[in-house]
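Visitor: Mind looking at a prediction? Sequence and model below.
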Amino acid sequence: MKTVQSDELRTSWRKPIPVLGAIWCLLMAFLAPAQPLTREALTGRWIGVAIEYDLDRVCPLVAYMDLRADSTWQLGRLDNADEPRTGTWSLSGAVLRLDTTHYAPGLVTLQGNQLRIGQVIPLTFRRFRAVPMDKQVVWQRLAGQVWQSDRVEYLFAADGRVGLRNRQARTQTAHYAQLLELDGSVFLLIRGSAGQQSGDVRECWQVVSNEVGTIRLVGSSGPDSCHETLRWVRALGSGEPLGPTGFQTCANCMRANFGLFSVKPATLRKTTALLRQQYKPVDAPDATGLIRVSFVQNCQGERGPLQFQEYSADYKRRLFDKRITDQLRTLINSQLPGSLFSDPDRQYDIDVSLTIRLSNGQITDVF
């Protein structure tokens, strides 16, 4: 028996993770009682709910899986971004086989209409229920209007742009809306960012009712399927801003892994030279030690907030004089261009971590 994990998950380049490749990851059942696995219960079409990279990183699974009565199997993306994977499937006792991969007893669980497969990076599916819907009618309801759920306002522009405004924090991120069809049913995808229309998916919902003043959805919120209701608020104002209110990554569902991105030696040399040239030593006591600076840079070269971790020469946590850290923050933001860390062949978000060594207030090294 074999289990395959995607090496794509171990990189700090924030590119979209190939969903179809993740089918070979294992999925662990929750503690709730599971139904016995039978061929009849598994046969049918399943819609992706979530892929769980970690306890605090759960992403939409924009996929469908067909387990057919004739023992053929197909896994595809709702947006047809990749060619579907096909093969055969079988169930022998509690062992599920999907093509050449076998899942041992306990690695596949069925709870009601929810199917979980694997253990290391769980994949969750829900049983598909077709709800005939007219895609054009749904878009006419959304376009140029503001809708809201309990937590989020959705500002839909007629050209496909959509702003997601947190109703409590009043912060906003920029994305694009896309409607897809599968077996006559309509799916609403919120994906991309201000700089990437075809970026990864932030939300994936099936439209299950389109009533006056409300649109009901079923999709995912965390690792489990759930229902959501959008309520009409008002017409979108002319020229109403749809852009982000602050820094926004291009990827919607990734987490910073500071330290995994390897800064090239040439970049380190340029960084050291620029900081040494511009930095003005501060007359402060005990200005010796290390300052680790971490930040995220998006695919457009925009830089997010800087995070500082400060240490003494013997690697104990400490705080430097605020004039030192404030000056470094200003210099990094103003003197180190985004092109210094980006790779023209890989236009993704990156997580950068630099360590600045200070000796008696002088920058001696950057690594």
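Guide: Done, it's in.
Visitor: how close does the spatially most central residue of the chain get to Val352?
Guide: Among the residues of the chain, the smallest C-alpha distance to the mean C-alpha position (C-alpha atoms, centre = their mean) belongs to Cys253, namely 0.7 Å. Look at Cys253 and Val352: by C-beta to C-beta, to the nearest Å, they are 20 Å apart. Every residue, glycine included, has its C-beta placed from N, CA and C.
Visitor: Can you tell me the number of residues neighbouring Leu55?
Guide: Residues lying near Leu55 (other C-beta atoms under 10 Å) number 7.
Visitor: hang on, I meant Asp150
Guide: Close neighbours of Asp150, defined as other C-beta under 10 Å, add up to 8.
Visitor: Show me what Asp349 is bridged to.
Guide: Beta-bridge pairing of Asp349 under DSSP bridges involves Arg14.
Visitor: Give the other helices and strands that the helix or strand containing His102 contacts.
Guide: Assigning secondary structure by DSSP states H and E places His102 in strand 101-103. In terms of contacts (3 or more C-beta pairs under 8 Å, 6 or more residues apart in numbering; DSSP states H and E), strand 101-103 is packed against strand 95-98.
Visitor: what are the ranges of the strands in the stretch 151-300 of the chain?
Guide: In the stretch 151-300 of the chain, the strands defined using DSSP state E, counting those that start in this stretch lie at 152-156, 161-166, 172-182, 185-193, 196-211, 214-221, 224-235, 289-297.
Visitor: With the stretch 1-150 of the chain instead?
Guide: Here the stretch 1-150 of the chain has its strands, by DSSP E, counting those that start in this stretch, at 44-54, 57-60, 63-67, 72-77, 85-92, 95-98, 101-103, 108-111, 114-117, 123-127, 145-148.
Visitor: By mean pLDDT, show me the worst of these.
Guide: In terms of average pLDDT, strand 57-60 trails the rest of these, at a mean of 89.
Visitor: Okay, buried residues for that strand please.
Guide: Of the residues in strand 57-60, those buried by neighbour count under the rule 16 or more other C-beta atoms under 10 Å are Val58, Cys59, Pro60.
Visitor: Look up how far Asp66 lies from the last one.
Guide: Noted for Pro60: a distance of 19 Å to Asp66, by C-beta to C-beta.
Visitor: Over to the first one?
Guide: Distance check for Val58 against Asp66: by C-beta to C-beta, it reads 24 Å.
Visitor: Gly239 too?
Guide: Between Gly239 and Asp66 the distance, using C-beta to C-beta, works out to 45 Å.
Visitor: between those two, who's got more neighbours?
Guide: Asp66 (17 against 6).
Visitor: So what sits opposite the nearest residue to the more buried one once chain neighbours are set aside in the bridge?
Guide: In this structure, Asp66 finds its nearest non-sequential neighbour in Gln74, 4.4 Å apart by C-beta to C-beta, 6 or more residues apart in numbering. For Gln74, the beta-bridge assignment (DSSP bridges) gives partners Asp66, Thr86.
Visitor: Run a quick neighbour tally on Gln74.
Guide: Around Gln74 there are 15 residues (other C-beta under 10 Å).
Visitor: contacting residues for it?
Guide: Neighbouring residues of Gln74 by C-beta atoms under 8 Å, 6 or more residues apart in numbering: Met65, Asp66, Arg68, Pro84, Arg85, Thr86.
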